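Q: Sequence first, predicted coordinates after that:
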Amino acid sequence: MPGSSSVRAAVLALAAAATSGCAVVTVAGTAASVAVTAGSLAVDAAVGVAKVTGSVAGMAVDAVLPSGDGSK
């Protein structure tokens, strides 16, 4: 069949184009996942810093102000 090689070439070209599109989508999805994970880690770090800062501020206030429990 003389036309089968050109059909085969067209099918292979179409399959290659479709596969490369899938690879682009996969790479984009992975990049988005990494970005979300990095953002989540940044939020976790900020919350941790806020907790430590709050604890230090609370200890400083406790050290300066009287306890108010009536025992002097």
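A: Received the coordinates, thanks.
Q: Could you pull up the mean pLDDT of the strand or helix carrying Gly54?
A: Taking DSSP states H and E as the definition, Gly54 sits inside helix 4-64. The average pLDDT within helix 4-64 is 79.
Q: from the chain's centre, how far out does it sit?
A: Counting by C-alpha atoms, centre = their mean, to the nearest Å, helix 4-64 is centred 4 Å from the centre of its parent chain.
Q: just stretch 59-67 next, same as before
A: Computed by C-alpha atoms, centre = their mean, the chain-centroid distance of stretch 59-67 equals 40 Å.
Q: Pull that stretch out as PDB, backbone CA atoms only.
A: Extracted in PDB, the C-alpha atoms of stretch 59-67 (Å, rounded to 0.1, in the frame of the first residue of the first chain):
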ATOM      1  CA  MET A  59       7.200  35.800  79.500                       C
ATOM      2  CA  ALA A  60       8.400  39.400  79.400                       C
ATOM      3  CA  VAL A  61       5.100  40.700  80.500                       C
ATOM      4  CA  ASP A  62       4.900  38.100  83.300                       C
ATOM      5  CA  ALA A  63       8.400  39.100  84.500                       C
ATOM      6  CA  VAL A  64       7.500  42.900  84.600                       C
ATOM      7  CA  LEU A  65       4.000  42.800  86.000                       C
ATOM      8  CA  PRO A  66       3.000  41.500  89.400                       C
ATOM      9  CA  SER A  67       1.200  38.100  89.400                       C
END
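Q: Can you tell me what sits against it?
A: Applying C-beta atoms under 8 Å, 6 or more residues apart in numbering, stretch 59-67 has no contact partners. Glycine gets a C-beta too; all of them are placed from N, C-alpha and C.
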